[in-house]
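A.B. asks: have a look at this prediction, sequence included:
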Amino acid sequence: MKRVMIVGQPGAGKSTLARHLGERTGLPVVHIDTIHWLPGWVERSRDEKTRLCHEVEARERWIFEGGHSATWDNRLARAEMLIWIDRSLTVRLWRVLVRTLTQLGRTRPDLPGDCPESLRNLPGFIRFIWSTRHSSQDKIKHLMATAPAGCRVVHLRSNRQTRQFLASIDSQP
């Protein structure tokens, strides 16, 4: 396994799974938030995000977690495994709230520097999660249905399934 694509809606656990999978396999992990944001919560242009995603996708080895669905087809064409972390809206909102409160004032490791968690950003992020809850899920379902024959598709719906999946992955030599 050389290339793993992880998708899911905000708060599903993509970054956490990517980190654990990277530790287990030795594959380099790329978080979409490091492509989406510049330091200080400055959003990159769509073209710049696309260019950076394509650069990562062209590499020989990666675990690439997250969105920018404009590049999903290209990423999926190269992926050997597609993982969808599919958690309920309630679980995701709770995780985002807890993550924000526990990381308040600090920058998470899956973000570029100087992007501290803030209560000021929380209402807008919750509105985004709410407003995209159906459209995002529909996009991911379509992605799963169009995975190439050689791509292993994994659909994780619970913490237990995620733990079992990680346990089934051989550790790096």
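C.D. replies: Yep, that arrived.
A.B. asks: every contact and neighbour count from this point should use C-alpha atoms.
C.D. replies: Noted.
A.B. asks: if I read this right, Val153 contacts Leu76, doesn't it?
C.D. replies: No - under the criterion of CA atoms under 8 Å, Val153 makes no contact with Leu76, lying 10.6 Å away.
A.B. asks: which of the two has more neighbours?
C.D. replies: Leu76 (21 against 17; other CA atoms under 10 Å).
A.B. asks: so what touches stretch 44-63?
C.D. replies: 2-6, 18, 22, 27-30, 35-38, 68, 70-71, 74-75, 78 (CA atoms under 8 Å, 6 or more residues apart in numbering).
A.B. asks: picking up where we left off before, find residues that contact each of Val153 and Leu76.
C.D. replies: Contacts common to Val153 and Leu76, judged by CA under 8 Å, 6+ apart, are Leu82, Ala147.
A.B. asks: give me the buried stretch members for stretch 32-50, please.
C.D. replies: Ile32, Asp33, Thr34, Ile35, His36, Trp37, Leu38, Trp41, Lys49, Thr50 (16 or more other CA atoms under 10 Å).
A.B. asks: start to end distance for that stretch?
C.D. replies: End-to-end distance for stretch 32-50, by CA to CA, to the nearest Å: 11 Å.
A.B. asks: gap between it and the chain center?
C.D. replies: 14 Å (CA atoms, centre = their mean, to the nearest Å).
A.B. asks: same check on stretch 101-111?
C.D. replies: 16 Å.
A.B. asks: equivalent analysis for stretch 103-117, please.
C.D. replies: 16 Å.
A.B. asks: in helices, which of the buried residues of stretch 32-50 appear?
C.D. replies: Residues of these located in helices (DSSP state H): Ile32, Asp33, Thr34, Ile35, His36, Lys49, Thr50.
A.B. asks: all set now, cheers.
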